[in-house]
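> turn this into a model:
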Amino acid sequence: MYLVQLLIPIFDNERRRFSDADFRALRDELVDAFGGLTAYTRSTAEGLWRDGESDRAYRDEIVVYEVMCEHVDRAWWSTYRASLERRFRQDELVIRVQEVERL
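The predicted structure follows:
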């Protein structure tokens with residue numbers, strides 16, 4: 001079993017907040033594709049990173065969506081990530097996967 005986590009920003013790079021409809025559409029897509037999801041939306045997480053060219057730290061407020069699946073179709077996820085990067089106006093959006101054991 002695999003746990004796939006999508007780290008989705010609350011704001012675009014110009015600090016414009018994404019609409020509730022944007023997040024509902026993402027939620028509905030994931031439920032349709034995977035039969036369910038867990039969404040951490042009550043309090044946002046903070047993401048910090050540095051680009052390779054400066055000492056400046058960048059900050060994002062994010063929500064986390066998780067789905068579980070039996071198999072990871074890396075080609076599908078790559079295409080889906082690219083579509084989410086366009087929709088959420090991001091240079092890069094993080095989707096990560098880890099193998100988990102259901103108890």
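> only C-alpha atoms for contact and neighbour calcs from this point on.
Noted.
> helix/strand/coil for Arg81?
helix (DSSP: H, G, I helix; E, B strand; the rest coil).
> what about it, distance to Leu7?
11 Å (Cα to Cα, to the nearest Å).
> list residues touching both of those two?
Here Arg81 and Leu7 have Leu93, Val94, Ile95 as joint contacts, going by Cα atoms under 8 Å, 6 or more residues apart in numbering.
> would you map the strands across the chain?
Secondary structure of the chain (DSSP state E): strands at 2-9, 38-50, 57-69, 94-99.
> now, of these, which is deepest in the fold?
Of all the strands of the chain, strand 2-9 has the most neighbours on average by mean count of other Cα atoms under 10 Å, namely a mean of 19.
> and the angle for it with strand 57-69?
On the basis of axes from the mean of the first three to the mean of the last three Cα atoms, to 10 degrees, strand 2-9 is oriented at 150 degrees to strand 57-69.
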